[in-house]
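S.K.: heads up, no residue letters with this:
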């Protein structure tokens, strides 16, 4: 029972590089999202999706792209990494809006 | 905008005692959901408890209970009989009610409370 799987767990990027954070869930959840967590702050929503082919922006979307071609996968793309994107990234999924969100283990990203 | 406020950056409790972690929220909507998550030092986010705005009874899950006072817009987490393993960050979160009818994954989080359980 894998739940929500994020890869990689750790990543170091140079400023200007691009990369994709992977997120996959095997619970057939329609709702998926990406959050970032910075020191002293709670999680802030980057992008979310309510189903395959449907995505929308959250609170801090700048510098990130998403797509949802399948129910299972929801990758997050950093177009041109900046030091301000150094953070811990969480992917989450849920069955419905009134049910709990299941989180991945997180990806610790450092941009130098 | 919806907002979650957790006023206690840190809390200390003796093992086996009960502790209350405060959470207040701000919303103009009548339908919303409130969640509590635990984040141990290992970093994962663990769901603890959920309270719907129309639920008449306070939610309980084992040693966790939610003291829901709708008129005061508060949703405090009560942990009974604290254990050393309860030491962690605790986050209160609210489902963004603006899209509740359509369904979404938009959780608004507070900044968290760091709980330390002393032996």
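M.R.: Looks like it arrived, so ask away. Note that the coordinates shown come from a computational prediction; the quantities given were computed from them, not determined experimentally. Numbers count the residues shown, from 1 in each chain, chains lettered A, B, ... in the order given.
S.K.: lowest-confidence helix or strand of chain B?
M.R.: strand B:107-109 (a mean of 88; mean pLDDT, DSSP states H and E).
S.K.: which residues sit in contact with the residue in chain B positioned nearest to chain A?
M.R.: Proximity of chain B to chain A (Cβ to the nearest Cβ) peaks at residue B:109, 3.2 Å away. Any C-beta I mention is one placed from the backbone N, CA and C, and that applies to glycine too. Listed by Cβ atoms under 8 Å, 6 or more residues apart in numbering or on different chains, the contact set of residue B:109 reads A:35, A:42-44, B:4, B:91-93.
S.K.: quick one: which of those residues sit in strands?
M.R.: A:35, A:43-44, B:4, B:91-93 (DSSP state E).
S.K.: Just the closest of the residues you listed to residue A:90, please.
M.R.: residue A:35 (4.6 Å; Cβ to Cβ).
S.K.: Need the pLDDT of that closest one.
M.R.: For residue A:35, the model assigns a pLDDT of 96.
S.K.: got it, and the one 10 residues further on?
M.R.: The per-residue pLDDT reported for residue A:45 equals 91.
S.K.: cool, and the one 3 residues further on?
M.R.: pLDDT, residue A:48: 91.
S.K.: so what's it bridging to?
M.R.: On the basis of DSSP bridges, residue A:48 is bridged to residue A:33, residue A:56.
S.K.: so how far is residue A:96 from it?
M.R.: 14 Å (Cβ to Cβ, to the nearest Å).
S.K.: Who does the residue of chain B closest to chain A form a beta bridge with?
M.R.: residue B:93.
S.K.: and the residue of chain A nearest chain B?
M.R.: residue A:42 (3.2 Å).
S.K.: how about that residue, what does it touch?
M.R.: Residues in contact with residue A:42 (Cβ under 8 Å, 6+ apart) are B:4, B:91, B:93, B:109-112.
S.K.: quick one on the thing from earlier: what residues do residue A:48 and residue A:96 have in common as contacts?
M.R.: Common neighbours of residue A:48 and residue A:96, using Cβ under 8 Å, 6+ apart, are residue A:31.
S.K.: just to revisit the earlier point, same list (the contacts of residue B:109) but as a markdown table, adding distance to residue A:83.
M.R.: Below are the contacts of residue B:109 laid out as a markdown table (distance: Cβ to Cβ, whole Å):
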| residue | distance to residue A:83 |
| --- | --- |
| A:35 | 19 |
| A:42 | 21 |
| A:43 | 20 |
| A:44 | 17 |
| B:4 | 28 |
| B:91 | 25 |
| B:92 | 30 |
| B:93 | 28 |
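S.K.: can you pull out the strands in chain B?
M.R.: Using DSSP E, strands in chain B cover B:3-5, B:10-14, B:19-21, B:24-26, B:33-39, B:46-52, B:60-61, B:64-69, B:74-79, B:88-95, B:107-109, B:113-118.
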